[in-house]
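1. got a predicted model here, sequence first, then my questions.
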Amino acid sequence: MASRGSKNKRSMERRSHFSRLSDDLLVEIFSRVPFKSTCCCKCVSTRWRSVLSHPDHSKKLSQSTFAGFFYETYNENSKRVSHCYQSVSGKGCPRVDPSLSFIPRGQEGDLCLVDSCNGLLLCQRLKEKRPRSEILDYVVCNPATEKWVAVPTTEWSNKVLDARLGFDPAVSSHFHVFEFIHARVWDADMTDGQ
């Protein structure tokens with residue numbers, strides 16, 4: 001049976017191995033850990049908590065897996081739409097900005113959530129124009145990394161019934177934006193209601 005002194009020595013040796021890891025290496029390790037587990041790791045030591053909470057590491061660590069959904073609310077009094085995020089991956093605040101403030105809006109523009117697929121969001125940047133809004137362009141973004149790309153509109157974009165996003169990271173790093181419009185079939189040979 002091991003003596004109490006040898007147990008303490010082994011424990012200190014283990015601790016010293018972890019203490020030799022650089023902050024960058026810890027961040028690299030934590031970036032591969034699911035979000036919920038990362039939150040638990042903050043309780044291990046003050047060093048780990050400071051590494052996980054440091055703003056310089058937030059972009060790298062935000063690539064950790066987390067689950068939740070984005071939604072919009074409308075305030076009748078202010079006539080404004082707010083973007084919200086609800087985490088379902090456990091307690092702790094997500095490392096995402098639900099307002100999507102990292103996406104430029106333009107002077108008169110507004111951002112409308114349209115669809116999501118496998119961690120990406122499809123939004124429309126709108127320009128208020130009476131009687132209806134004009135679509136300036138689509139924006140596909142990853143709220144975890146705050147990376148985004150503008151997708152130009154087509155000649156049909158302002159006639160769109162619905163737009164959807166297709167993305168499967170297991171197949172390709174490319175995404176697809178689908179625009180659905182009303183289809184009208186005109187047949188000059190239709191007579192007698194046939």
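-> Sure thing, it's come through. Numbers count the residues shown, from 1 in each chain.
2. which stretches of the chain aren't confidently modelled?
-> For the chain, applying pLDDT under 70 flags the ranges 1-16, 34-36, 58-59, 61-66, 89-95, 106-109, 127-135, 184-194.
3. over to the most centrally placed residue in the chain: give its phi and psi.
-> For the chain, Pro143 is the residue whose C-alpha lies nearest the centre (CA atoms, centre = their mean; 2.7 Å). Dihedral pair for Pro143: phi -60, psi -20, per degrees, to the nearest 10.
4. ok, now Cys43?
-> Backbone torsions of Cys43, given as degrees, to the nearest 10, read phi -90, psi -10.
5. excluding chain neighbours, what is closest to it?
-> Arg49 (7.5 Å; CB to CB, 6 or more residues apart in numbering). C-beta here means a position set from N, CA and C on the backbone, and glycine is covered the same way.
6. what are the buried residues along the helix or strand containing the one you found?
-> According to DSSP states H and E, Arg49 maps onto helix 46-53. When burial is assessed from 16 or more other CB atoms under 10 Å, helix 46-53 yields the following buried residues: Trp48, Val51, Leu52.
7. and the second one, what does it touch?
-> Contacts of Val51 were listed using CB atoms under 8 Å, 6 or more residues apart in numbering, and they are Asp23, Leu26, Val27, Phe30, His57.
8. wait, Cys141 touches Lys147, no?
-> Yes: taking CB atoms under 8 Å as the definition, Cys141 is a contact partner of Lys147 at 6.7 Å.
9. of these two, which one has the most company?
-> A count of neighbours by other CB atoms under 10 Å puts Cys141 above the other of Cys141 and Lys147, at 20 against 12.
10. next, the nearest residue to that one once chain neighbours are set aside: secondary structure please.
-> Computed as CB to CB, 6+ apart, the closest residue to Cys141 that is not its neighbour in sequence is Trp148, at 3.6 Å. Recorded secondary structure, Trp148: strand (DSSP: H, G, I helix; E, B strand; the rest coil).
11. run a quick neighbour tally on Trp148.
-> Trp148 is flanked by 17 other residues according to other CB under 10 Å.
12. where does the nearest residue to His57 once chain neighbours are set aside sit, in terms of helix or strand?
-> Leaving aside its sequence neighbours, His57 sits nearest to Val27 (CB to CB, 6+ apart; 4.8 Å). Element membership for Val27 (DSSP H and E) is helix 23-30.
13. next structured bit after that helix?
-> From helix 23-30 onward toward the C-terminus, using DSSP H and E, the following helix or strand is helix 35-41.
14. and that following helix, how far from the chain's centre?
-> 18 Å (CA atoms, centre = their mean, to the nearest Å).
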